[in-house]
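> could you work out the structure for the sequence below:
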Amino acid sequence: MAKNTICLWYHGGAEAAARFYAETFPDSAVVAVRRAPGDYPSGKQGDVLVVEFTVAGVSCIGLNGGPAFNHSEAFSFQIATDDQAETDRYWSAIVGNGGQENMCGWCKDKWGISWQITPRALTEAMAAGGDEAKRVFEAMMTMKKIDVAAIEAARRG
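Model (predicted):
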């Protein structure tokens, strides 16, 4: 187990979520599935309690803790993409599997976890600063899934 691990609280879908992430993102895997040794407030002995997994190399634990807490956009995974095809692939995987689109490259998976699918072209253009970054920012603010060609056009002015 990694020294620092992100713990994500689920309402019972930790294993399904971890398997989806492992199938969707490179350098991702389900490491272990741990079952409850006894009954607990939101489950029974033998239910999946904890799932250890990685998402794009980041160590995570999924805890099936029940409905006491919900996810919010205050936490998100940010996935840097190299081109439009990779952006489309991840966006479609998340949204097409019961997720929701949001603005500015954000989407939410069906378990309520927020994702930022962020093309490197956007990050690089924003880092340029000045008028270039302002144009790119204004273009991004109109988008759900980021359109790399539109970002590059805004960058050029």
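
> can you map out the helices along the chain?
Counting by DSSP state H, one finds helices in the chain at the ranges 14-24, 84-95, 120-128, 130-140, 148-156.

> among those helices, which is nearest Gly65?
Proximity to Gly65 (Cβ to Cβ) singles out helix 14-24 among the helices of the chain, at 8.9 Å. Where C-beta positions appear, they are placed from N, C-alpha and C, glycine not excepted.

> circling back: closest to Leu8 out of the helices of the chain?
So among these, helix 14-24 is nearest, using Cβ to Cβ, at 7.4 Å.

> now do that closest one: distance to the chain's middle.
11 Å (Cα atoms, centre = their mean, to the nearest Å).

> and the closest residue to Ala153 other than its chain neighbours, how far from Trp91?
Spatial nearest neighbour of Ala153, excluding adjacent residues (Cβ to Cβ, 6 or more residues apart in numbering): Ala139 at 7.8 Å. In this structure, Ala139 and Trp91 are 17 Å apart, going by Cβ to Cβ, to the nearest Å.

> what's the local residue count around Gly62?
27 (other Cβ atoms under 10 Å).

> quick one: pLDDT of it?
According to the prediction, Gly62 has pLDDT 98.

> what's the closest non-adjacent residue to it?
Nearest to Gly62 is Ala14, by Cβ to Cβ, 6+ apart, at 3.0 Å.

> kindly report the same for Lys108.
Gln100 (4.7 Å).

> so the residue nearest to Ala153 touches Ala154, yeah?
Yes. If you go by Cβ atoms under 8 Å, Ala139 and Ala154 touch, sitting 3.9 Å apart.

> distance between the ends of stretch 2-15?
19 Å (Cα to Cα, to the nearest Å).

> to the chain's geometric centre, what's the distance from it?
13 Å.

> one more: stretch 124-139?
Remark: stretch 124-139 is offset 24 Å from the chain centroid, using Cα atoms, centre = their mean.

> what's the burial count for the residue nearest to Gly62?
26.

> also Lys3?
When neighbours are counted by other Cβ under 10 Å, Lys3 registers 5.

> ok, back up a step: quick one: the residue nearest to Gly62 from Val51, how far?
For Ala14, the distance to Val51 - Cβ to Cβ - is 4 Å.
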